[in-house]
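Undergrad: sharing a model prediction with you, sequence too.
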Amino acid sequence: MIDIVLPRKKAANNKQNRRDEATKPHMQPYEGLPIDVSLQQALERIKGELGESADLIIRELAIGEANPIPAAVIYIQGLIDDLRMNDHILAPLQLAVLTPPSLHADQTVEELKKELIHVGNIENIAYWKEAYQSLLIGSVLLFVEGLGQVIAAGVIGGPKRDVTEPSTNLVIRGPREGFTESIRTNTSLIRRKIRSPKLWLEQLTLGEITQTPIGIMYIQGLADESIVQEVRTRLKAISIDGVLESGYIEELISDQKYTPFPTIHHNERPDVIAAGLLEGRVAILVDGTPFVLLVPAVLNVFFQAAEDYYQRYDIASFLRMLRFVSFLIALTLPSIYVAIIGYHQEMIPTPLLLKLAAQREGVPLPAFVEAFLMEVVFEVLREAVVRMPSAVGNTISIVGGLVIGQSVVEAGFVSPAVVIIVSLTAISSFVSPAYNLAIAARLLRFLLLIAAASLGFFGVALIVLFLILHLSSLKSFGIPYLKPFAPFFWQDLKDTFMRVPLWRMHERPQVLGHRNPVRESTDPDESQGRNKSR
Amino acid sequence: MTQNQQMMNGSITTGQMGKLHIMFTLGSAALILPTMVTVIAKQDSWITMIMAVGLNFMFLYAPLELAKRFPGQSLVSYTQQILGRAAGMVYTVLYLFFFLVLTAAVFRNMGDFVGTSVLPETPRWFIHIAFMLIVMYGVALGIEVMGRSSEILFVWVFLVFGAVFALLTNKMQVSNLLPVLADGWIPTIKGLYPITGFPLAEYVYVMMLFSCVRSEDLGKLKRAMWMSSVVIGISGLSIALLLLLVLGADLTLRSPFAVYDMAKEIQIGEVLERVEITVAMIWISTVFTKAMICFYVLCLTTAQLLRFSTYRPLILPLAFIIVPLSLVIYRNTAHTNLFAFAIWPVFGCVLGLLMPMLLLAAAVFRKQGTPSGKGMKDTQQPEQERGGTSSEANSEQRVTAPEQRNGSERKESMSTVQVEKS
Amino acid sequence: MLKAAIIGLVALVIGVLTWKNRRSSGRSAEGLWSVGILAIGAVYAIGYSLRMPIPNPVDLISFVFHPVYKPIVDWLGIQV
């Protein structure tokens, strides 16, 4: 039950708002309520609040031998590490011989912490709200009669996916680890790449109900302070009841709402995120998803793959250019075909024109309808395969690709040229290392097709101009989207169409306008190479 | 930010101004002008093109001086300051008329080219409206976006232009240039006449656009404009030379869109031929930039004259005038030639050269504005009668770094990020 | 006729929207000017679509500069 209501739709959703107002008071009755002094009362309250959920474990015990004090250990099964709790919390408490000298709150707490709880991460909590929060994150709560406080010991555990190779952004050469669903694992993966005290992590919780931990990670001194501040402000402005994936955050903090182009980068690989941090970008981690966001993201970033930097620069540059070209092909090829067939047949060399004309003979549909239909069929096929189990998926792709593709041509409904064009487009659109940019090309292809059908190359030119204007108007966290092409930065072109050798890349991109422009060359060989080259 | 720049939605760097200027100048001129010059100067038209570079500086002199005297102010506000309110308004209305005709003429040039060469069977009004829709989108996005997009288009245009140049080397015939100066210098000087009107006189548009240049960059403005004039000169010269070398004077003066016809000559083996459509596409993008600038300047002048808070509400109404006007402005090709060739230079020189010079003289004589660009930071500017920019506003803008401005924009966008809890 | 009606309708919609927009931001004068210019444009466009003779500013310019450009063209010695 997650509803996002944007301010613009407020009026339309008035009814919903009223319903929300009605339910809201029940949501957090414990706001600002201090922990009860009486143990029994406290236990009653917690049972009431959690509805005596089956996984809520309340273990009552008595501390001390001579004059035992009633206490209770409370946790949620599955969220904590049972073994550690038994060994380091329950056992010491039960075996304790000492009796707290008095029931003076602060002293008892200090004593308990000092002597009886053998866990690193401990905090005192005085209010119910925080108590529930840490209980639900995976802390063990210790209630002691007459204390009016709770000791929360963090022994987070429970089932967790291992660090495995990511299923997207695959590389031939490069680290195999990928992020997992646990934010703590993810931050540790990044920390293991950047062992600098200047790698800072700020944490906050988002989602009224889900209380999802969100991390903002950046390298202090490299990241532009104003961008970090902007990230903070935008995240804090979010008010939503659930954050289940970083896609929620991505959509809510983007600069521009109405654009098919992504203005925030996301990735599953710690090395990519670490590289981004080293360039002065800011990472946003969301608990519960392996996809970490990276801002600001300019268009160029979506053409960079992790492997570009692990391979030799020559092949990396070649692949980089290949990606730009395939993006253009994926975007424009069908419309160019339609424009040529419909308006500019004189452009084609005569032998080819004869061949095409022979193919199109007997095809009942105009070129535009042909291409449009085949594109739609392809999109349908793609969507059908994506969420199928791989066994079924293979069948569908054979049926779709081979059977339909071949028979539709043999039956003479479409010309083979169109099938070739559509397949080329499809393959090209898979070249992009960023899936979300390929999506933009997928959508805009149809716009271009329509323009080509109505105005030929003039229409294509107009839509391309429109796209250039649109891209120029986009910004990602205040950074123009087309940087370094426009505004033009000669220096930064070293990592765009080409990936120049690393020893040439000793300056960070100026795109982000940060304070520490020079990368340091740590490898003596590298710096030698650099000197030699100069 | 000055009031002007708020209205215009941002500011541009001098580099972007220079690139916009190059695109503006090459805009419609690159395709049409060589024919006109060749008609007069024959095979010596390239000499005319060299001479035209000097004229570039002449036409830019008065606007640059005025921009230095009145930093951050546009034509509308400084004419009123120099000439007084009533006279200033009349002066501005003349320019409004000029920009209206100019925008319509640019649209018509585009329509003529696309209608005859690319899409002969499509109705003209459809071409004009489609073009107008994209132009309106660009104008609505504001000068910053136009500046950035011009940087992209600039690279694209010069890459394709360079490629065309390289691909035509096998078709060049140096004998086409002979005899040099067969009829003496007179025809080459006569050949300057159409150039003065088109594109030189159209340079007055900078009197509006200079006020969009970031004021911390104003010191570099002159250099950027001189640089772009040199680039324009070199491209003009190379286009003229290329046309003569490949087509020869006779073919050039017979073809209404000579560069396009020249691109048809490209043939490298059996592989690469009939690529003139790429030339058409880059020409469309330069003429698009020009149309966008003209329309933007038209909207901006109108808005400032009528003291609007933003020019945006005027985009659609003015588009309603431009499209039909551009369709009726020339009756036929002969009329186009007569007007663009013979009348426009006279009209243009009056508004584009004479009047700015007189305005500058009046400013010097009446001691209006700050005479030296360096002193503008501390010298108190004369307060304007109404709604002008004060020097405080100017200096405030100077200290505002672009990043900070971005910050305020971000805040703006921030407000849309707010999400209602459900 | 149909074309003229469509143009009129589009102009009407734009006019109403512009007017409402300017009114709501408290700038009625701007709204008035915009709608005024729009009306001129709409008349112009409708006139064009009905093939009526509509004023052409180029003719005005030609007329005003008639005495100047004729001798120049003669001096240039070109046929235009």
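TA: Thanks, I have it.

Undergrad: from here on, just use CA atoms for contacts and neighbour counts.
TA: Fine.

Undergrad: which other residues reach stretch A:76-83?
TA: Judged by Cα atoms under 8 Å, 6 or more residues apart in numbering or on different chains, the contacts made with stretch A:76-83 from elsewhere in the structure are A:55-57, A:135-140, A:155-159.

Undergrad: and residue 23, what's its pLDDT?
TA: Let's take chain A. Taken from the predicted model, the pLDDT recorded for A:Thr23 is 46.

Undergrad: nope, chain C
TA: Each residue has a pLDDT score; the one for C:Arg23 is 87.

Undergrad: do you know how far it is from C:Ser34?
TA: Plainly put, C:Arg23 is 12 Å away from C:Ser34 if you go by Cα to Cα, to the nearest Å.

Undergrad: tell me where chain C has helices.
TA: C:2-24, C:28-49, C:57-64, C:66-76 (DSSP state H).

Undergrad: any idea which of these gets closest to chain A?
TA: Chain A sits nearest to helix C:2-24 of all the helices of chain C, at 16.5 Å, using Cα to the nearest Cα.

Undergrad: any part of the closest one near chain B?
TA: Yes: under the criterion of Cα under 8 Å from any Cα of the partner chain, chain B is reached by helix C:2-24 at C:14, C:18.

Undergrad: just how off-centre is that helix within its chain?
TA: Distance, stretch centre to chain centre, for helix C:2-24: 16 Å (Cα atoms, centre = their mean, to the nearest Å).

Undergrad: which of C:Arg23 and C:Ser34 has more residues huddled nearby?
TA: For C:Arg23 versus C:Ser34, neighbours defined as other Cα atoms under 10 Å in any protein chain shown are more numerous around C:Ser34 (26 against 15).

Undergrad: on the pLDDT front, check the residue lying closest to that one once chain neighbours are set aside for me.
TA: In space, not counting the residues next to it along the chain, C:Ser34 is nearest to B:Leu314; the distance is 5.7 Å by Cα to Cα, 6 or more residues apart in numbering or on different chains. With respect to pLDDT, B:Leu314 has a value of 90.

Undergrad: how about the residues of the stretch 101-250 of chain B near chain C?
TA: B:101, B:190.

Undergrad: residue of the stretch 101-250 of chain B closest to chain C, please.
TA: With Cα to the nearest Cα, the shortest gap between the stretch 101-250 of chain B and chain C falls at B:Lys190, namely 6.2 Å.

Undergrad: the spatially closest residue to C:Ala11 that is not a sequence neighbour: what's it in contact with?
TA: Closest residue to C:Ala11 apart from its sequence neighbours, by Cα to Cα, 6+ apart: C:Ala42 at 6.2 Å. Taking Cα under 8 Å, 6+ apart as the criterion, C:Ala42 is in contact with B:320-321, C:7-8, C:11.

Undergrad: tell me the most packed of those residues, by neighbour count.
TA: In terms of neighbour count, B:Phe320 stands highest of the contacts of C:Ala42 at 24 neighbours, by other Cα under 10 Å.

Undergrad: can you pull the contacts of that one?
TA: Taking Cα under 8 Å, 6+ apart as the definition of contact, the neighbours of B:Phe320 are C:38, C:41-42, C:44-45.

Undergrad: out of the contacts of C:Ala42, which one sits closest to A:Leu90?
TA: Checking the contacts of C:Ala42 against A:Leu90 with Cα to Cα, the nearest one is C:Ala11 at 79.2 Å.

Undergrad: surely the closest one is in contact with C:Leu38?
TA: Yes: with contact taken as Cα atoms under 8 Å, C:Ala11 and C:Leu38 are classed as touching, separated by 7.1 Å.

Undergrad: would you map the helices across the stretch 101-250 of chain B?
TA: Counting by DSSP state H, counting those that start in this stretch, residue ranges of the helices within the stretch 101-250 of chain B are B:124-141, B:143-167, B:186-190, B:192-197, B:206-209, B:218-246, B:248-254.

Undergrad: can you list the buried residues in the first one?
TA: Within helix B:124-141, the residues that qualify as buried by neighbour count (16 or more other Cα atoms under 10 Å in any protein chain shown) are B:124-125, B:127-129, B:131-132, B:134-136, B:138-141.

Undergrad: picking that back up, using the three-state scheme, assign the residue nearest to C:Ser34.
TA: helix (DSSP: H, G, I helix; E, B strand; the rest coil).

Undergrad: what about the strands in chain B?
TA: According to DSSP state E, chain B carries its strands in the segments B:267-268, B:272-273.

Undergrad: A:Ile80 - nearest residue in space that isn't next to it in sequence?
TA: A:Gly157 (4.1 Å).

Undergrad: typo on my end, A:Ala441
TA: Spatial nearest neighbour of A:Ala441, excluding adjacent residues (Cα to Cα, 6+ apart): A:Leu331 at 5.1 Å.

Undergrad: and the one you found, which helix or strand is it part of?
TA: Secondary structure assigned from DSSP states H and E places A:Leu331 in helix A:313-342.

Undergrad: what comes up buried for that helix?
TA: A:313, A:316-317, A:319-324, A:326-327, A:329-342.
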